[in-house]
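>>> Quick one: sequence plus predicted model below, questions after.
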Amino acid sequence: MTDDGSLHVSRWGHGRSVLLIHGGPQGGPAGGEALWSAQRPLAADGWELVVPDRPGHGRSPSRGPEVIEEEALWVAQLLGDGMHLVGHSYGACISLAAAGLAPGAVRSLTLIEPPAYSAAPENPDVSAARAQMRDALREEMPPRDRYLAFARLAGIPDELTARYDEATRARMGHGLSIMRPPWEWDAGPAIDSVARARPPFLAVTGGWSPSMEAIADALATRLEGEHAVIPTGHHLPQLHPAFNELLGRFLASAEAQRSR
């Protein structure tokens, strides 16, 4: 729990702690347990997985519209004396911002498909994707249509969007309309802070989006880390069986580096 006791947090397994921050807009029924369910086998490999429901998701009540810098505060608090930190999508931006606030508490940092557009502002693919997403979601449209437009541009697999009924799509579309979007966030200060601390860094992408590949390349270069591509063709490479092997190997390597 965070200081006000409102945040629902699940813990799987025992060992060195790994904090997993999920993505997605408010309004969907799923929290961390559902969105990180494919990573649960790692709990049998000597890791404690710390899995919060972000505010307004799952069993955690909303704290108002989502803002990356504000959510980073409770993530930094959860890090405590130190954890490995993993974030996906909007949760990857939150994780990067939290690592910037508490770089000494980050044993390693893994960002999966981070829409940190300001990490590569001069790249034409990033500029185009940023403008396309901004313009599509700026238009007046019913919330349900807003969510579907977002899902298409964000590379969400059709089989996942098909699971949501019309009311859920509308709630998620409303969440998108009130959140502070990642293209309005300046990742520069967080990147500078993490770069000074130099925790082991891994970016993971699904190979579907030139802009995501460019952002991950820029982050890996700036943070002196690795960019791995799992060619899923969509925004959720953590669903691929190869992801857990990749992450487990990276976490073990990060632990070994710290023990030298």
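The structure has been received and is ready for your questions.
>>> gap between L101 and S193?
8 Å (Cβ to Cβ, to the nearest Å). The way it works is simple: take the backbone N, C-alpha and C, and place the C-beta from them, glycine included.
>>> One more: R11?
From R11 over to S193 the distance is 27 Å, taken as Cβ to Cβ.
>>> Please say which of those two ends up with more neighbours.
For R11 versus S193, neighbours defined as other Cβ atoms under 10 Å are more numerous around S193 (16 against 12).
>>> Let me know the helix or strand that the residue lying closest to that one once chain neighbours are set aside is in.
In this structure, S193 finds its nearest non-sequential neighbour in G100, 4.0 Å apart by Cβ to Cβ, 6 or more residues apart in numbering. Assessed by DSSP states H and E, G100 sits inside helix 90-101.
>>> Quick check: mean pLDDT of that helix?
For helix 90-101, mean pLDDT is 98.
>>> cool, and stretch 144-157?
94.
>>> With stretch 219-239 instead?
Average pLDDT, stretch 219-239: 98.
>>> Going forward, the N-terminal residue is numbered 18.
Done: numbering now begins at 18, and the last item shifts to stretch 236-256.
>>> I would like the residues contacting that stretch, please.
Here stretch 236-256 makes contact (Cβ atoms under 8 Å, 6 or more residues apart in numbering) with 53, 55-56, 105-106, 126, 128-131, 133, 136, 171-174, 177, 208, 211-212, 215, 217-226, 229-230, 233-234, 257, 259-260, 263, 267.
>>> Just the ones in strands from those residues, please.
H105, L126, L128, I129, F218, L219, A220, V221, T222 (DSSP state E).
>>> rewinding a little: distance-wise, check the residue nearest to S210 relative to P217.
As judged by Cβ to Cβ, G117 and P217 stand 16 Å apart.
>>> Give me the three-state assignment for L66.
Secondary structure state of L66, per DSSP: H, G, I helix; E, B strand; the rest coil, is strand.
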